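**Q** got a predicted structure here, sequence first:
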Amino acid sequence: GATSAAPGRSQASSAPPGGSAVHEVTSVGATSAAPGRSQASSAPPGGSAVHEVTSVGATFIVVMGVAGCGKSAVGRRIAALCGVPLVEGDEFHPQRNLHKMQQGIALTDDDRADWLRTLGTEMARHPNGAVLTCSALKAAYRNTLRAAVPGLRFVHLAITPEESLRRVAARAGHFYPPSLVASQFEALQDPAGEPGVQVLDGTAALDDLAAQAVAWLQANAR
């Protein structure tokens, strides 16, 4: 059950056993609109208009990409527009994974296996939909998530290695070090061409990326 929160802010709900909190996101300045239709709100200073959505059916979507691509920022906006919880994938990593990354050691397929299964289970707990932020770098990782949530869609925020390194280096206090950026691109298997995938330019404005993703979800609603 979502509780009230300041517009555009996420609020943690109670954590599942052995897991982390899932963020209930309230819509930014929500306005009424016909079901499944978008309505533009006034643009914030220096920004672009945000398109409010009342319903696109059950929305299950993964915002994916390499470190620094904007998964959390865009995922938060999509969740707010669709009125579904945001599941932050990084919050479900076991401590051993976090420790390895903090030490500059890239995760292996085995390291990610239980984590991905946990994320799939967490998504399936939300019958009305959820937005997951997860790197989902390899096709096998994406298929693990698809097995848990049939019809799952992915939005890939594509950026260059140089842009990823610049952004990661600028993040103060984050557990993920710049030294691991190269390993992300070594592992990345381009999802373009897979079913239910939208590829976006991760350097675009955050509000624009969220609006494009929601418009795509509407156009492809089951």
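**A** Everything's here; your move.
**Q** contact partners of stretch 167-176?
**A** The set of residues external to stretch 167-176 that reach it, using C-beta atoms under 8 Å, 6 or more residues apart in numbering, is 67, 68, 69, 90, 98, 101, 102, 159, 177, 178, 181. (Each C-beta comes from the backbone N, C-alpha and C, glycine too.)
**Q** give the buried residues for it.
**A** Using 16 or more other C-beta atoms under 10 Å as the test for burial, stretch 167-176 gives 167, 168, 176.
**Q** still on that earlier bit, quick one: buried ones out of the contacts of stretch 167-176?
**A** Going by neighbour count (16+ other C-beta under 10 Å), the contacts of stretch 167-176 have 67, 68, 69, 90, 101, 159, 177, 178, 181 buried.
**Q** in TSV: the residues you listed, plus secondary structure, distance to residue 109 and pLDDT.
**A** Listed next are these as TSV, based on DSSP: H, G, I helix; E, B strand; the rest coil; distance: C-beta to C-beta, whole Å; pLDDT from 0 to 100:
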residue	secondary structure	distance to residue 109	pLDDT
67	coil	18	94
68	coil	22	94
69	coil	21	97
90	helix	18	93
101	helix	15	90
159	coil	23	98
177	coil	20	86
178	helix	23	90
181	helix	19	94
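**Q** burial of residue 186, as a residue count?
**A** The number of residues packed near residue 186 is 9, by other C-beta atoms under 10 Å.
**Q** helix or strand right after the strand or helix carrying it?
**A** Using DSSP states H and E, residue 186 maps to helix 181-187. Scanning forward in sequence from helix 181-187 by DSSP H and E, the next helix or strand is strand 197-201.
**Q** let me know the average pLDDT across that next one.
**A** When pLDDT is averaged along strand 197-201, the result is 98.
**Q** what's the end-to-end length of stretch 125-145?
**A** Using C-alpha to C-alpha, to the nearest Å, the end-to-end distance of stretch 125-145 comes out at 13 Å.
**Q** no further questions, thank you.
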